[in-house]
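J.: Sequence and predicted structure, then a few things I'm wondering about:
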Amino acid sequence: MKPLIAPSQYVDPGVLALELKRIFEREWIFACSLHELSKDQDFRCIDVGNVSVVLQNFGGEIRAFNNVCSHRFARLQTEPCGNRQLKCPYHGWIYNAEGLPYAIPRKPLISEITPQTLCDYRLVRWHVRFLGPLVFIKRENPGETLAEDDFERQWGDFWAPVSQLASAFGEVVEHTEHRVNANWKLVVENTLEGYHVDCVHPDTIRKLGMSGLAGPAPESAQGAPESDAEPGGQKASFFRFAGRNSAVFSPLNAEVSARMDRAYKFLARRPQRIEGYRHFYLYPNFVLASTRGESFSLQRILPIDEKTTVLTSYLFATSGLGELSKMELALKKQFYRSAAEFVQAIFAEDAAICEQVQRSVGFAHGAGVLSDEEQRICAFHEAYAASMNFD
Amino acid sequence: MEVEQFVRHFENAVEGIEPESLTPQTQYHRIPQWDSLALLCLLAMIDCEYEVQVPGMELKQCDTLEDVYKLVVAKKALKAA
């Protein structure tokens, strides 16, 4: 298979400017966990490209806006997260859940603002949707009507299995941000293939005993957790595709799984008892992975510039374990601490190799090539080319 | 002896160990059941029964179960101080 993204597109700032317009301002972007916005006036800011977006709880309603005052363009919320009303620190304009300035100091002195013109000063709004406790946003474009099920349709056939997984999320175990000195597409592509595991993760992922690619996915495996437990005795990894999205399901070493079951008996009560490891990718930049339904790891991959990316990661525990004994609580704490350390070790290994590639991709002498194990990269390239209107 | 009790807790915490088969002089990292999962179970047992945290790196300095027990006692004393 031939890649559709040319090496030069990983280093060109002009390409990134187009990507921000044609991808990041048009697609659903994972913003944060609902736990961060649980109380009235809780807020969380994220940078989507060069746009700062603020998500804010208005009496239980979660809304998202460009984080820029309509008056003199100051940032409304200046901290990454916190609890305060949506009030401009410069001249004190306060905005409501509709993004309208409802309290303007010395308003009579601004003759242009009348009840008729107030809407001209509305903040730029972003649509908000939920996947379990996860908050996603998409920029509202003037004159564009968003279908009620636009977010669900973005997931395609993955909506049902991913919703099931998300319904089992418990508390946040860890929330981290990593700065990676590599183009965001390299970071995405690295998450989409297991071909590099033997070389890059010999002491981490490889020890879990994940197998290589078996070939085409069995037709019976529709991505639903209850339906694809090694169908037909399937013992190797396989891919699924749903629109622009893709997934890989990998069985784990049976002996390791059995020993986990014996050591962590309390996890048998988890609501999503899936087999092995599942890794879903939602175009353009969101990843959700789970090992056996015991823990759930999410990543958002956002560009800062053409050679710098922020990888934001959340690790969730499973819910539904009921009341735990003192020993079970201690085991649970060790289990998730170990899971968090494992995830961080993998991130460090992946970041190092992505940064290596970034340093050399600008000097590539050809277009490169993709193996069958890199089919998911191919699907990403097709979706990307369609978004960018490349020929 | 309290160190004997510690050994019994260890036998209970790590899967596949016969009760009363180990002694304080057992080199825990040489038993057939020892691996990364057993390590997590040991750390959880220490947290649960002795209410102290022992970093994995410090545990690696210990050779026998008695060494681990002494480390736990030292951690408890430090916590109480």
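T.: Happy to help now that I have it.
J.: show me what contacts residue A:263?
T.: Neighbour list for residue A:263: A:331, B:15, B:37, B:40, B:41 [criterion: C-beta atoms under 8 Å, 6 or more residues apart in numbering or on different chains]. (Each C-beta comes from the backbone N, C-alpha and C, glycine too.)
J.: How about residue B:7?
T.: B:22, B:23, B:24, B:26, B:65, B:69.
J.: Closest to residue A:61 out of the contacts of residue A:263?
T.: The closest of the contacts of residue A:263 to residue A:61 turns out to be residue A:331 (C-beta to C-beta; 39.1 Å).
J.: Now do the closest one against residue B:45, distance only.
T.: The gap separating residue A:331 from residue B:45 is 9 Å, by C-beta to C-beta, to the nearest Å.
J.: is chain A contacted by the strand or helix carrying residue B:71?
T.: Applying DSSP states H and E as the criterion places residue B:71 in helix B:65-80. No - remark: helix B:65-80 sits outside contact range of chain A, by C-beta under 8 Å from any C-beta of the partner chain, the gap being at least 13.5 Å.
J.: Over to the residue of the stretch 101-250 of chain A found nearest chain B. Which of the three states is it?
T.: Going by C-beta to the nearest C-beta, chain B is nearest to residue A:207 of the stretch 101-250 of chain A, at 8.7 Å. What DSSP: H, G, I helix; E, B strand; the rest coil gives for residue A:207 is helix.
J.: what's the offset of the helix or strand bottoming out on mean pLDDT in chain A from the middle of its chain?
T.: Here the helix or strand of chain A ranked lowest by mean pLDDT, DSSP states H and E is helix A:254-263, holding a mean of 83. Put simply, helix A:254-263 sits 29 Å off its chain's centre (C-alpha atoms, centre = their mean, to the nearest Å).
J.: List the buried residues for it?
T.: When neighbours are counted by 16 or more other C-beta atoms under 10 Å in any protein chain shown, the buried residues of helix A:254-263 are found to be A:257, A:259, A:260, A:263.
J.: Next secondary structure element downstream of that helix?
T.: strand A:277-282.
J.: Tell me which residues touch residue 24, please.
T.: Picked chain A for this. With contact taken as C-beta under 8 Å, 6+ apart, residue A:24 is in contact with A:48, A:49, A:284, A:285, A:302, A:303.
J.: I was after chain B.
T.: Taking C-beta under 8 Å, 6+ apart as the test, what residue B:24 contacts is B:3, B:4, B:6, B:7, B:64, B:65, B:66, B:69.
J.: Closest one of those to residue A:276?
T.: Distances from residue A:276 to the contacts of residue B:24, taken by C-beta to C-beta, are shortest for residue B:65, at 35.1 Å.
J.: Just to check, residue A:315 is in contact with residue A:173?
T.: Yes - between residue A:315 and residue A:173 there is a contact under C-beta atoms under 8 Å: 4.4 Å.
J.: Can you pull the residues that touch both of those two?
T.: In contact with both residue A:315 and residue A:173: A:295, A:336, A:339, A:340, using C-beta under 8 Å, 6+ apart.
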